[in-house]
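Asker: I would like the atomic coordinates for the input below:
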Amino acid sequence: MPPPRKTVERARKLRREMTLPEVKLWQWLRGSPSGFRFRRQHPIGHFSLDFYFAAGKLAIEVDGEAHSRGSQPERDAIRDTWLAERGVRTLRIRATDVLNEFDAVTRLILAECVAIPLHQPAAGPPPQLAGEE
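Answerer: Now for the predicted structure:
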């Protein structure tokens with residue numbers, strides 16, 4: 001089921017208005033590090049994921065200071081639960097870490113991607129069904 005049109009439009013807007021940490025991380029992710037392909041501001045349900053590794057069903061969220069204030073932590077937890085129920089794991093990274101510890105952040109992302117068992121097609125022809133020859 002495709003995401004609502006409003007979510008797609010919001011994702012397009014967010015692509016044009018990325019924060020400095022998001023821009024810095026996207027410049028690295030868009031190069032498909034170690035062959036992993038990422039999407040930015042990917043719409044799913046009513047949400048737009050900052051970055052999404054579709055082959056591994058991994059969302060990467062860059063959290064600014066606002067994510068630790070008010071009701072935002074609760075909203076983030078609800079969102080992460082909703083995504084997890086659909087098989088999407090969320091990796092949250094602080095925006096300050098992207099700016100100040102960029103190498104550590106990129107190593108963490110690669111380690112997470114490598115650890116995900118990706119769907120690999122079976123080698124050889126498909127198995128025969130009973131009665132087929």
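
Asker: I'd assumed residue 93 was in contact with residue 108.
Answerer: Yes. At 7.4 Å, residue 108 counts as touching residue 93 under the criterion of Cβ atoms under 8 Å. Using the backbone N, CA and C atoms, a C-beta is placed for each residue, glycine as well.

Asker: And these two? Which one has more around it.
Answerer: Neighbour comparison, residue 108 and residue 93: the larger count goes to residue 93, with 20 against 15 (by other Cβ atoms under 10 Å).

Asker: need the contact list for the more buried one.
Answerer: Counting by Cβ atoms under 8 Å, 6 or more residues apart in numbering, residue 93 makes contact with 25, 60-63, 105, 108-109.

Asker: can you do 6 Å?
Answerer: Going by Cβ atoms under 6 Å, 6 or more residues apart in numbering, residue 93 touches 62, 105.

Asker: Residue 38 too?
Answerer: For residue 38, counting by Cβ under 6 Å, 6+ apart, the contacting residues are 29, 51, 53.

Asker: State the pLDDT value of the residue lying closest to the last one once chain neighbours are set aside.
Answerer: Spatial nearest neighbour of residue 53, excluding adjacent residues (Cβ to Cβ, 6 or more residues apart in numbering): residue 38 at 5.5 Å. The model reports residue 38 with a pLDDT of 95.
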